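[1] Sharing a sequence plus its predicted fold:
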Amino acid sequence: MPSANPGLCETCTHVQIVRSSKGSSFVLCRLSEVNPAFRRYPALPVITCRGYERGGEGPALHEREPPS
């Protein structure tokens, strides 16, 4: 998870954590792929979001490593 407090994104089903090859991590909102009203990389912490849906045990389920 990114070092900044992600707010609602931490438990949202639409979050995906993207890790760069340099070790940085970013919060990607997957709703942005189908709805331009959602920012691809939202400003953190997200304290209100009309697309929020509580997910499982956190964003570790949605982590993605950068391409090699």
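    That came in fine, so what should we check first?
[2] Before we move on, what's the pLDDT of the closest residue to Pro45 other than its chain neighbours?
    The shortest distance from Pro45 to any non-neighbouring residue, by C-beta to C-beta, 6 or more residues apart in numbering, is to Gly7 (3.2 Å). Where you see a C-beta, it was placed from the backbone N, CA and C, and this is true even at glycine. pLDDT, the model's per-residue confidence, is 94 for Gly7.
[3] so where's the chain shaky on pLDDT?
    Low-confidence segments of the chain (pLDDT under 70): 1-3, 56-68.
[4] and with 50 instead?
    Along the chain, segments meeting pLDDT under 50 span 59-61, 67-68.
[5] Now do the buried residues in stretch 21-34.
    Neighbour-count burial for stretch 21-34, counted by 16 or more other C-beta atoms under 10 Å, picks out Val27, Leu28, Cys29, Leu31, Ser32.
[6] what's the closest of those to Ala43?
    Val27 (9.7 Å; C-beta to C-beta).
[7] Doesn't that closest one belong to a helix?
    No: under DSSP: H, G, I helix; E, B strand; the rest coil, Val27 sits outside any helix and is assigned strand.
[8] Settle this for me: it is touching Cys12, isn't it.
    No: the pair Val27 / Cys12 is not scored as a contact, 9.2 Å apart, by C-beta atoms under 8 Å.
[9] tell me the two of the buried residues of stretch 21-34 that are most distant?
    The largest distance within those, taken as C-beta to C-beta, falls between Val27 and Leu31 and amounts to 12.1 Å.
[10] So for stretch 16-25, first residue to last residue, what's the gap.
    End-to-end distance for stretch 16-25: 10 Å, by C-alpha to C-alpha, to the nearest Å.
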